[in-house]
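1. only geometry, no sequence info:
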């Protein structure tokens, strides 16, 4: 655990040194959500969420279970479309373009907004095929060597290449949980998305694998806009520059991560951070 | 009161232990009884399977042996008085040659080939044997003359030559040789005359007749005039055509329907209604499908009666619900995580299904398909209604020719009045059918385990 603590500390330092916390709000806005509501059948799950997601920074959504943070995340790449009876209202704009516009192709949207899920879910194919799948279906590689390059660089960016370079043809499902999750991140990166959504990416992982992924998220921030849903307030504090607190389907408070954790405005936020609700 | 303060129940600790022990005995007893019942059920079921196999094999094995007569056939020019076979070069057009060739073949067929057979049999008789022609000709099967004629038609140069030919012994002769006939019965109760029986015994000692593996069972079509020559090839080819039609039609249609219903169709009253009906169709008695086939394919579409094409279509209709239900079940079992992973990558729904969901479910779909096809292979009732129980003495060349099927052949042979002979043949046909079934099921298991290992 000592090693882990050291790693976490290191991560925190690097966050602090890399970006002045207040910078997050000064960055250009990548995603702009206004009055987003979600109904599952008759039940309303989200009530008028409005938030701006800054470019090339990590934004975390925190809150107790069932607060709607994952639901909101899934609105951003329209994964809620796949749920029977889900209705989404309001607007979400990516670079000023409404992603719920009927003329927008959801396939294109998901190529621009990648997603990493709670439980590592590599395809039951080889490691290579897992990463190559996205570029292949989107027609991003012109030749086999192009594809090889994309696969290798994606695995490198996900910090997995050194561990798997000798067994690219082995099934991705044979990796450890943490490796699988990094494979899923590599798979998402391979398409060259602008935004990466992460739905509690470490909740199924042990502390060491978690620390590795957190470090990776911090590195990816330089090139990608990242939105992460997390149960762990410590994780939100460690990796994100902006934090939004959800409770019972409402966005209670949002702001610079440091402010939220040190100086919350709302009592509910304070209670949650102090461990009184959740 | 330290002991009671720790517990909430009114009993003391030793009392509780005693109660639990008393209950334990009862619980163990009921478990023993249940296990015993389970074992008994398995033993009973296995017992019946063993009984079935032992009975079928015991009855059927003799049919895999045929008695062959080894003859030296002399193509006697004195008997085969026919013009030389027409040659292609002598005619102006192929049509004329065809006509002349058919005329020549008819002339050949009109010859008394039994005289050739008789002569070659007499050549093998021990010296000073008296037997008349009629009695002598009960020894070879009646198809021997066709066999010899076909040899000559295929090669007219045989005229005047003597060649060794193996012909089948007749059913009665074969049964006499195999010892299936009680030799102590009087002449009045015997199928064959005393002279013929004596000749058979003499042939046996001289080696003119011997038993061998019954290839004729696999190379001949059904026959009533020559029961010893009756074989399964016609029925087998009929079944093969039907299986091919089922595989070609039922598998793609069934799998496509299941994929559409499970993955693409909007959930509505209509799809619910369709689903209920598919489940009901799977429970419809198969003979009803036969009735439907007779009405739709034969009466309305005017497809030929007794054809494997119609049989295959009927079996396709029968197998479809099974394949659809099994495929839907397999698709339903795919984890949502895999679907989300694919969709999250920006795969379209079709890509999700064909790149990820279908490969994972392939082993189950394949197994269900093979089992469905095996079920169709064993189906008899609907085939009876579309005329496939006709006696067909030819091997079908196309799926439009008249044919029968393996299970129907079993039904036909079992119903034949010549039971003395047909019982082993029926059992042998059952063995062949069971063999094909076991092969199909084995393939299903093999493919399943292999594909699952690959994933």
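-> Received, thanks. Just so it is clear, the structure is predicted and the values come from calculations on it, not from any experiment. Numbering: from 1, shown residues only, chains lettered A, B, ... in the order given.

2. interface residues of the stretch 301-450 of chain B facing chain A?
-> Residues of the stretch 301-450 of chain B lying close to chain A by Cβ under 8 Å from any Cβ of the partner chain are B:335, B:337-348, B:351, B:355-356, B:359-360. In short, each C-beta sits where N, CA and C put it, glycine included.

3. repeat that for 6 Å
-> Contacts of the stretch 301-450 of chain B with chain A, taken as Cβ under 6 Å from any Cβ of the partner chain, map to B:337, B:341, B:343, B:344, B:345, B:346, B:347, B:348, B:351.

4. Which among those count as buried?
-> Listed as buried from those are B:341, B:343, B:344, B:345, B:346, B:347, B:348, B:351; burial here means 16 or more other Cβ atoms under 10 Å in any protein chain shown.

5. excluding its backbone neighbours, what's nearest the third one?
-> When the adjacent residues along the chain are set aside, residue B:344 lies closest to residue A:115, with 3.9 Å between them (Cβ to Cβ, 6 or more residues apart in numbering or on different chains).

6. And what about that neighbour, helix, strand or coil?
-> Here residue A:115 is strand, with the state taken from DSSP: H, G, I helix; E, B strand; the rest coil.

7. what packs against the lengthiest helix in chain B?
-> In chain B, taking DSSP state H as the definition, the longest helix is helix B:13-60. Of the remaining helices and strands, those touching helix B:13-60 by 3 or more Cβ pairs under 6 Å, 6 or more residues apart in numbering or on different chains; DSSP states H and E are helix B:419-454.

8. quick one, the helix or strand where residue B:256 lies and helix B:419-454 angle?
-> For residue B:256, the host element (DSSP states H and E) is helix B:233-259. Angle, helix B:233-259 to helix B:419-454, by axes from the mean of the first three to the mean of the last three Cα atoms, to 10 degrees: 40 degrees.

9. picking that back up, just curious, which of the residues of the stretch 301-450 of chain B next to chain A is nearest to residue B:413?
-> Checking these against residue B:413 with Cβ to Cβ, the nearest one is residue B:351 at 52.9 Å.

10. Mean confidence (pLDDT) on stretch A:55-67, please.
-> Mean pLDDT, computed over stretch A:55-67, is 91.

11. what comes into contact with it?
-> Stretch A:55-67 is contacted by residues A:24, A:27-28, A:30, A:53, A:69, A:221, A:225-230, A:233, A:236, A:239-247, A:277-278 when judged by Cβ atoms under 6 Å, 6 or more residues apart in numbering or on different chains.

12. Now, of these, which are buried?
-> Among these, those classed as buried by 16+ other Cβ under 10 Å are A:24, A:27, A:30, A:53, A:69, A:221, A:225-230, A:233, A:236, A:239-247.

13. Where strands are concerned, which of the contacts of stretch A:55-67 count?
-> A:30, A:53, A:225-229, A:242-247 (DSSP state E).

14. Would you mind listing what in the stretch 1-150 of chain A touches chain B?
-> A:82, A:107, A:110, A:111, A:115, A:119, A:121, A:124, A:134, A:137.

15. so what's the fifth one up against?
-> When you say that, I think you mean residue A:115. The contact partners of residue A:115, taken as Cβ under 6 Å, 6+ apart, are A:77, A:197, B:344.

16. ok, 8 Å please
-> Going by Cβ atoms under 8 Å, 6 or more residues apart in numbering or on different chains, residue A:115 touches A:77, A:79, A:188, A:196, A:197, A:198, A:199, B:344.

17. which one of those residues sits closest to residue A:263?
-> Nearest to residue A:263 among those: residue A:198, at 26.1 Å, using Cβ to Cβ.

18. just to revisit the earlier point, need the contacts of residue A:115 in a markdown table (columns: secondary structure).
-> Below are those laid out as a markdown table (three-state DSSP):
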| residue | secondary structure |
| --- | --- |
| A:77 | coil |
| A:79 | helix |
| A:188 | helix |
| A:196 | strand |
| A:197 | strand |
| A:198 | strand |
| A:199 | strand |
| B:344 | helix |
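
19. Most neighbours of all those residues, which one?
-> Within the contacts of residue A:115, neighbour counts (other Cβ atoms under 10 Å in any protein chain shown) peak at residue A:188, which reaches 29 neighbours.

20. Can you tell me the closest non-neighbouring residue to that one?
-> Nearest residue to residue A:188 in three dimensions, chain neighbours excluded: residue A:114, at 3.4 Å (Cβ to Cβ, 6+ apart).

21. Surely the one you found and residue A:198 touch.
-> No. In this structure residue A:114 lies outside contact range of residue A:198 using Cβ atoms under 8 Å: 9.3 Å.

22. end to end, how far does stretch B:386-400 reach?
-> 13 Å (Cα to Cα, to the nearest Å).

23. circling back: which of the buried ones among the residues of the stretch 301-450 of chain B next to chain A sit farthest apart?
-> Across those, the longest distance by Cβ to Cβ is 14.1 Å; it joins B:341 and B:348.
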